[in-house]
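Q: A structural model of the following input is requested.
(chains A and B)
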There are 2 protein chains.
Amino acid sequence: MNKTLGIGLAGFGTVGTGVWETLERNFDLISNRTGVRTEMMRIAVRDINKSRPEGAPVEKFTTDWKDVVNDPTVDIVVELIGGTTTAFEIVEAALKARKPVVTGNKALLAERGKALFALSREMNTPIHFEAAVAGGIPIIKAVQDSFVGNRIETMAGIINGTSNYILERMTDAGLGYPEALKEAQELGYAEADPTLDVNGWDAAHKAILLATLSYGFSIDPAEVYVRGIEMVRGIDIEFAKRLGFVVKLLCVVREHENGTVEIRTQPSFIPQSHVLSSVNGVFNAVAINGDASGESLFYGRGAGKGPTASSVVADIVEAARGFAQEAGHRGFLPYQTEGQLVPIEDTETPYYVRFDVTDEPGVIAKIANILADAGIGISGTHSPVNADDPDADFVDMVFQLHTCKFGLLKDTLKEIEALNCVNSRPVVFRIENLG
Amino acid sequence: MNKTLGIGLAGFGTVGTGVWETLERNFDLISNRTGVRTEMMRIAVRDINKSRPEGAPVEKFTTDWKDVVNDPTVDIVVELIGGTTTAFEIVEAALKARKPVVTGNKALLAERGKALFALSREMNTPIHFEAAVAGGIPIIKAVQDSFVGNRIETMAGIINGTSNYILERMTDAGLGYPEALKEAQELGYAEADPTLDVNGWDAAHKAILLATLSYGFSIDPAEVYVRGIEMVRGIDIEFAKRLGFVVKLLCVVREHENGTVEIRTQPSFIPQSHVLSSVNGVFNAVAINGDASGESLFYGRGAGKGPTASSVVADIVEAARGFAQEAGHRGFLPYQTEGQLVPIEDTETPYYVRFDVTDEPGVIAKIANILADAGIGISGTHSPVNADDPDADFVDMVFQLHTCKFGLLKDTLKEIEALNCVNSRPVVFRIENLG
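A: Okay, the predicted model is just below:
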């Protein structure tokens, strides 16, 4: 693919800015990985005078979205303005111009998707909407492509971060609903008008999209059962806890044996033992049961600049690939002739080291001296581990060590191994900081 | 896409059988969703006389894999025989014949992928390998497509179910390593020869593939640091627990600031608070940190007939789409003109219901009678909830109810709401059985 594809963007708020930044920052990486090269051609904004991040391509700004869609250098239209009126016009105009659309607008597709998907078929022009559900979690692609061979038996999702944060604070800090909402607003996790988040409709829109993908027909939101979290009280959360449950705003989608589809969104009691119960804060998760795949779960950030931009960019690349002559080859190809591994000796973590030692005075001192000479810090010793056994001549001794290079540890352990009181090769476990 | 595409299968063991069954069972679904229609044309097996599941297409069997690859009706070659010698010849021959390849063979691609990917490029013919890493978890597509706009900062994976099961049993049941291994073998979770699982190499092969996808260069397995779980003892697991960790066989891949790549597989201490610590049994999980997406996690069945077949079928569909004339349109299109939702009144779960009642004798009896008349079972009552407050006239009373249709519950609650002693609308939470 040699042609550079032009991107037209409607909306330069948090997510739009994130998309622009990501495409700039990772241009070479994306182009190496996929052959796709993109250039931002035109950006529709509401207020052209608003202050923008440094380096923002203000010379491409316009206040008329038609300038974006009609620009002949724009091949792909990205709609990120939200709402269901102007956004509808933009997507409609783009499809009519046979320009593939990328959107993160769940309300638009849940409320007015029927007309837009029909137009998409008519014009043979795709709508991509990974960013519309669960921010940075690639759940749309998973359902649409990865589970394409599965009948989807059930899906259960925690897909509204605002509600999830509020419920978590009510659970862990014992806050009342109004206090938790206020805190979420102060932290930027809830909008000034949080209605769509707390009344369940934001989550329900996403569930409608997931169900539409799974079962293939358009769902009228008016037929969907939705309840929000406003009626949850501390006493319910207390009771849930006592009974072994956690209260979460849950979307459930399930196919019944006769082929009809159950879809609902409401605060639910879910078992503390289920992995969904540990999805906290602004994180999202969707559990999917397919008839072949069995149970699986996708977890990640459900909103925010970077995660949502990550999904928009993936869709832009997907749309761009549709322009390629060689669209036939969608497999992986190495894109660097060579790269360099970090020698294992140069990697570093803290460690847990177990020594098999002869139980005699001075053992710890000898080992500790060698470690000290090497400059390796000790964060704990446990010795001897099996001192309770009066017959043991050989005992296990455990050292926890501060972060150091593995090469240094290896050399130092060789020295320790040479001590008379050490009877076998030390056993090393890394202590992983998973962030 | 009107043409039916021919599939040639090498290997009809557990996974091969699962692929055939899934394609048969969900043929209409897949074809409706994607337009892709496939037909199994030829299957290479080692032993033609071995007993097979009922209905198996034995008339398509051959013992010579060349019959599969060379069959002019075979468009896509699926390699599921394992190993790195004959499997290599099959994939090589298929690519040379310009037939897209689907494989689940992690050892083949980790050990000999360099030559095969070069051939893939030369012949402009893709290799798809979702099934090679983490069975039914679509982690290959996630890294290759969904996170294509991200620099992958770190990946951490539990991607060998056998080791994970053994470590879990050592942790939870206090089994020694030999006993836990024996149990895993008896349950079919470990092979008679478990070497590649317990020595870490099965996981390392998968990590090599994930790193190759993320950073784009071929990695020589000889340069990769791998340690297995054979040296883990009960005492280490005890210590880990006491210090707030869990022992897991962990693969770590990380890009350093200078662009070099850290890759290693070993038993590690990971914090009990991290979500990876709760990945138990034969489940797999991979955590990914992208520079835009932030933290995400993919969890599911890492092996087995259905899950692995699910990934192979997804790849077959992906390969088939490469043949389509209209490859340009890869967006979602509704594939049923209409479908039917389950009326919310017909959905059923157990329930938690909170009533605001006047604290007077007989309240429970009145409510319980109405529930009994409706045939709704009570699994628990808690009443009154705030009896400690001597000033309360109105108190909360909680009923847990057995599974019934929501419509019945609604009607019954209306009757209860009409009681004089009930002061507001009852609040209902569903108790979700998440399986």
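Q: distance-wise, check the closest residue to chain B within the stretch 51-200 of chain A relative to residue A:272.
A: Nearest residue of the stretch 51-200 of chain A to chain B (Cβ to the nearest Cβ) works out as residue A:126 at 2.6 Å. To be clear about C-beta, it is placed using only N, CA and C from the backbone, and glycine gets the same treatment. Distance, residue A:126 to residue A:272, by Cβ to Cβ, to the nearest Å: 42 Å.
Q: higher neighbour count, the two?
A: Set side by side, residue A:126 and residue A:272 show more neighbours around residue A:126, with 24 against 13, by other Cβ atoms under 10 Å in any protein chain shown.
Q: if I read this right, that one contacts residue A:320, doesn't it?
A: No: here residue A:126 lies out of contact with residue A:320, judged by Cβ atoms under 8 Å, at a distance of 11.4 Å.
Q: which residues in the stretch 151-300 of chain A form strands?
A: For the stretch 151-300 of chain A, the strands defined by DSSP state E, counting those that start in this stretch occupy A:152-158, A:225-226, A:245-255, A:261-271, A:283-290, A:294-301.
Q: turn these into a markdown table, columns for mean neighbour count.
A: Below are the strands of the stretch 151-300 of chain A laid out as a markdown table (neighbours: other Cβ atoms under 10 Å in any protein chain shown):
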| stretch | mean neighbour count |
| --- | --- |
| strand A:152-158 | 23 |
| strand A:225-226 | 20 |
| strand A:245-255 | 24 |
| strand A:261-271 | 23 |
| strand A:283-290 | 26 |
| strand A:294-301 | 24 |
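Q: which of those sits closest to residue B:186?
A: Among the strands of the stretch 151-300 of chain A, the nearest to residue B:186 by Cβ to Cβ is strand A:294-301 (21.6 Å).
Q: list of residues touching that closest one?
A: With contacts defined as Cβ atoms under 8 Å, 6 or more residues apart in numbering or on different chains, strand A:294-301 is touched by A:134-139, A:142, A:161, A:275-276, A:279, A:282-290, A:307, B:136-137, B:275, B:293-301, B:304, B:306-307, B:435.
Q: quick one: mean pLDDT for that strand?
A: Average pLDDT, strand A:294-301: 96.
Q: sheet partners, orientation included, of it?
A: Under the criterion DSSP bridges, strand A:294-301 sits next to strand A:283-290 (antiparallel), strand B:294-301 (antiparallel) in its sheet.
Q: would JSON lines of the ones you listed with distance to residue B:47 be doable?
A: JSON lines is the format used below for the strands paired with strand A:294-301 (distance: least, Cβ to Cβ, whole Å):
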{"stretch": "strand A:283-290", "distance to residue B:47": "31"}
{"stretch": "strand B:294-301", "distance to residue B:47": "28"}
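Q: need phi/psi at residue A:341.
A: Note on residue A:341: backbone dihedrals following degrees, to the nearest 10 are phi -80, psi 150.
Q: how distant is stretch A:164-171 from the center of its chain?
A: Its chain's average C-alpha position is 20 Å from that of stretch A:164-171, according to Cα atoms, centre = their mean, to the nearest Å.
Q: no wait, stretch A:183-199
A: When distances are taken as Cα atoms, centre = their mean, stretch A:183-199 is centred 20 Å away from the chain's centroid.
Q: what about it, near chain B?
A: No: residues of stretch A:183-199 contacting chain B under Cβ under 8 Å from any Cβ of the partner chain: none, with a closest distance of 14.7 Å.
Q: who touches that stretch?
A: So stretch A:183-199 is contacted by A:107, A:160-163, A:165-166, A:169, A:175, A:181, A:201-202, A:226, A:228-230, A:282 (Cβ under 8 Å, 6+ apart).
Q: for it, what is the average pLDDT?
A: Mean predicted confidence for stretch A:183-199 is 93.
Q: repeat that for stretch A:111-128.
A: On average, stretch A:111-128 scores 95.
Q: try stretch A:9-21
A: What stretch A:9-21 shows for mean pLDDT is 97.
Q: what's residue A:369 sitting at in phi/psi?
A: The phi/psi pair for residue A:369 (degrees, to the nearest 10) reads phi -60, psi -40.
Q: how many residues are close by it?
A: 12.
Q: how about the one 5 residues further on?
A: Residues lying near residue A:374 (other Cβ under 10 Å) number 15.
Q: per-residue confidence at the closest residue to it other than its chain neighbours?
A: For residue A:374, ignoring the flanking residues on the chain, the nearest one in space by Cβ to Cβ, 6 or more residues apart in numbering or on different chains is residue A:412 at 4.2 Å. Looking at residue A:412, its pLDDT is 98.
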